[in-house]
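Student: got a predicted model here, sequence first, then my questions.
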Amino acid sequence: TGVQTCALPISNPSSKNCLFPGRNRLKTPLPQNEDLRIESLESYSILDSQREDSFDDITEMAAEITGCQAAFIGFIDQSRQWLKSTYRIPSHLVEIPREVSFCTHTILNKGPLIIEDTLANDTFKDYESVKKEPGIRFYCGLPIINKAGYPLGTLCVIDTKPNTILVKNIQHLEHFVDLILYQLELRKSLNHLYQLESEYETECQKYDSLLTSTLPESIAQELKQSKNVIPRYYESSTISFVNFQPVHGKSQDPIGEVKEINQFVTAFDEINEFHEIEKIKTIANTYMSVSGVPLKNRNHRFKVCLGALNLRNYFNKLTKQNNKLGLKTATFSAGIHTSSTIAGVVGKSKFTFDLWGDAVNITKRILENTEAGQISVSEQTAAKLFDYFLFENKRKIPAKNMNDIQVFSLARLQPKYSQDDHGLLPNKAFFESI
């Protein structure tokens, strides 16, 4: 027969995008291992996917080579045959109820199902799609069977008049089925690759998030780019050690103790972040931080002292609140020192950003000699802050293998630079001056 140029006639194309809306309710047998077949079909993620040129090219060639009026590629799930590609069938028609689909029979066979005249076939002559529009008179369908042996769907050519098909054209259709299977496996491999890429990106984001949460941002970026962080010498930075003694510290309540420590560390983190102070680590009940490392800034003394005043204010408020409730309150003390230091990253699988040098030892020594509720500041730190902060109780702290350490107690901001009566919040004049 010659090649037809008209599409299949469909008088009611709005019937819910269904090619054959009339249902005969004819019962057809199911393939063996139907549940496994459906599971295999779903593994390809082909159902309800967008149209693709690679499949559309196959249906067009199938119709043209066989001289049939129309062609389609369909996949059969529990209730329907969904059409992945159609040729000379209205594009909005995308599915066929399974119980009235010729292809339900096709997937029961390993070879093609050919019906040269449907009206002369006892199985199909009463189908509404045969007796009424579109009036299918010729059908040839080949099962699409994957490597596991499951029939996923069919490649079909159809016509509105009786027809025959040559053996060589059957062979062409078999080659097209191989192409369909190749496209399915390719899509499956690509989908798996996209999933792996997505999982890899997710893991990279988790890794980046972990780095930036445990390391300073600039250090994390350097580590990601070069896989290494060069230790650096910083001529001037201000280090702070804060000690806190939880109420549960000496009790037999580890859960309460950790909960209380977490409360304090969280508060310290928020205050330090506000003042652009870099957290280094916590050691037992001691919180270590620094300003001027790794990002250099000339106001690191000011930032650390303001942060320390806010920390003490946090504990003072907590004490007042607990006193009203008749509860005990944790104690707080801080040591601050300004000097040169060395900073870098240590570790291979678990990275730690840390500081080294006499400055660290001196700051720790200052903290050890600071009473609860006090903020001790070394002379090197206080030297440039007398005009801005009020210091009290000048004293010396003995230190091993070095000269005594001259320290002061940080009381508050100078009144002229404070916007509150307690000397905690710097005013506009403070920022303009520094």
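Tutor: That came through fine.
Student: how far does the helix or strand of the chain with the lowest mean pLDDT sit from the chain's center?
Tutor: In the chain, no helix or strand scores lower on mean pLDDT, DSSP states H and E than helix 217-226, which sits at a mean of 81. Offset of helix 217-226 from its chain centre (CA atoms, centre = their mean, to the nearest Å): 20 Å.
Student: identify each buried residue in that helix, please.
Tutor: Ile219, Ala220, Glu222, Leu223 (16 or more other CB atoms under 10 Å). C-betas here are computed from N, CA, C, even on glycine.
Student: tabulate those in CSV, adding columns for distance to Thr86.
Tutor: Putting the buried residues of helix 217-226 into CSV (distance: CB to CB, whole Å) gives the following:
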residue, distance to Thr86
Ile219, 58
Ala220, 53
Glu222, 56
Leu223, 54
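Student: which single one of those is nearest to Asn401?
Tutor: The nearest member of the buried residues of helix 217-226 to Asn401, counting by CB to CB, is Ile219 at 30.9 Å.
Student: contact partners for that closest one?
Tutor: Ile219 is in contact with Val229, Pro294, Val345, Phe353, counting by CB atoms under 8 Å, 6 or more residues apart in numbering.
Student: so the first one makes contact with Gly344?
Tutor: Spelled out, it's Val229. Yes - counting by CB atoms under 8 Å, Val229 touches Gly344, with 5.9 Å between them.
Student: of these two, give the one with the bigger neighbour count.
Tutor: Val229 (20 against 17; other CB atoms under 10 Å).
Student: could you find the closest non-adjacent residue to the more buried one?
Tutor: Val345 (4.0 Å; CB to CB, 6 or more residues apart in numbering).
Student: which SS class is the one you found?
Tutor: State at Val345, reduced to three classes by DSSP: H, G, I helix; E, B strand; the rest coil: strand.
Student: dihedrals phi and psi, Gly292?
Tutor: Gly292 has phi and psi values of phi 100, psi 0 when expressed as degrees, to the nearest 10.
Student: and it, how many neighbours?
Tutor: Gly292 has 24 nearby residues by other CB under 10 Å.
Student: over to Leu36?
Tutor: Around Leu36 there are 13 residues (other CB under 10 Å).
Student: hmm, it is touching Gly149, no?
Tutor: No - contact criterion CB under 8 Å: Leu36 and Gly149 do not qualify, at 9.6 Å.
Student: need the pLDDT of Ser11.
Tutor: Looking at Ser11, its pLDDT reads 41.
Student: from Arg80, how far out is Ile158?
Tutor: 18 Å (CB to CB, to the nearest Å).
Student: re the thing from before, now the contacts of Ile219 in a markdown table, with distance to Leu309, secondary structure and pLDDT?
Tutor: Formatted as a markdown table, these follow (distance: CB to CB, whole Å; DSSP: H, G, I helix; E, B strand; the rest coil; pLDDT from 0 to 100):
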| residue | distance to Leu309 | secondary structure | pLDDT |
| --- | --- | --- | --- |
| Val229 | 32 | coil | 83 |
| Pro294 | 24 | coil | 94 |
| Val345 | 31 | strand | 88 |
| Phe353 | 26 | strand | 89 |
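Student: farthest pair in those?
Tutor: Greatest spacing in the contacts of Ile219, by CB to CB: Pro294 and Val345 (10.1 Å).
Student: shared neighbours of the two, which are they?
Tutor: By CB under 8 Å, 6+ apart, the residues touching both Pro294 and Val345 are Ile219, Phe353.
Student: correct me, but Asp382 touches Phe408?
Tutor: In this structure residue 382 is Ala, not Asp. Yes - the pair Ala382 / Phe408 is scored as a contact, 4.9 Å apart, by CB under 8 Å.
Student: what touches both of these two?
Tutor: Joint contacts of Ala382 and Phe408 (CB under 8 Å, 6+ apart) are Phe391.
Student: what's the mean pLDDT across the longest helix seen in the chain?
Tutor: Within the chain, and with DSSP state H defining each element, the longest helix by residue count is helix 167-214. The predicted model assigns helix 167-214 a mean pLDDT of 92.
Student: how about stretch 119-129?
Tutor: So the average pLDDT for stretch 119-129 ends up being 93.
Student: re earlier: against Thr286, how distant is the residue nearest to Val229?
Tutor: Distance from Val345 to Thr286, by CB to CB: 21 Å.
Student: now Ser236
Tutor: Distance from Ser236 to Thr286, by CB to CB: 23 Å.
Student: what about stretch 267-286, distance to the chain center?
Tutor: Using CA atoms, centre = their mean, the offset of stretch 267-286 from its chain centre is 27 Å.
Student: skipping its backbone neighbours, what lies nearest Ile342 in space?
Tutor: Trp356 is the one closest to Ile342 (CB to CB, 6+ apart), at 4.7 Å.
Student: so that neighbour touches Val345, yeah?
Tutor: No - contact criterion CB under 8 Å: Trp356 and Val345 do not qualify, at 11.9 Å.
Student: neighbour count: those two, which is higher?
Tutor: Val345 (18 against 13).
Student: wait, what's in contact with the more buried one?
Tutor: Leu215, Ile219, Leu223, Val229, Phe351, Thr352, Phe353, Asp354.
Student: show me the two of the residues you listed that sit farthest apart.
Tutor: Leu223 and Asp354 (13.8 Å).
Student: Arg137 reaches Tyr127, doesn't it?
Tutor: No - Arg137 is not in contact with Tyr127 according to CB under 8 Å; the separation is 11.2 Å.
Student: okay, now Lys348: neighbour count?
Tutor: Residue neighbour count, defined by other CB under 10 Å, stands at 5 for Lys348.
Student: let me redo that: Asn169
Tutor: Other residues close to Asn169 by other CB under 10 Å number 17.
Student: skip the chain neighbours and tell me the closest residue to it.
Tutor: Nearest to Asn169 is Thr66, by CB to CB, 6+ apart, at 4.8 Å.
Student: any idea how far the residue nearest to the spatial centre of the chain lies from Gln195?
Tutor: Taking CA atoms, centre = their mean, the centroid of the chain lies closest to Thr202, which sits 4.5 Å from it. Thr202 sits 10 Å away from Gln195, going by CB to CB.
Student: tell me where this structure has helices.
Tutor: 34-42, 53-66, 103-106, 128-131, 167-214, 217-226, 254-274, 300-325, 358-368, 379-382, 428-433.
Student: export those helices to JSON lines and append columns for distance to Thr331.
Tutor: Formatted as JSON lines, those follow (distance: least, CB to CB, whole Å):
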{"stretch": "helix 34-42", "distance to Thr331": "63"}
{"stretch": "helix 53-66", "distance to Thr331": "73"}
{"stretch": "helix 103-106", "distance to Thr331": "80"}
{"stretch": "helix 128-131", "distance to Thr331": "86"}
{"stretch": "helix 167-214", "distance to Thr331": "28"}
{"stretch": "helix 217-226", "distance to Thr331": "33"}
{"stretch": "helix 254-274", "distance to Thr331": "11"}
{"stretch": "helix 300-325", "distance to Thr331": "8"}
{"stretch": "helix 358-368", "distance to Thr331": "13"}
{"stretch": "helix 379-382", "distance to Thr331": "22"}
{"stretch": "helix 428-433", "distance to Thr331": "29"}
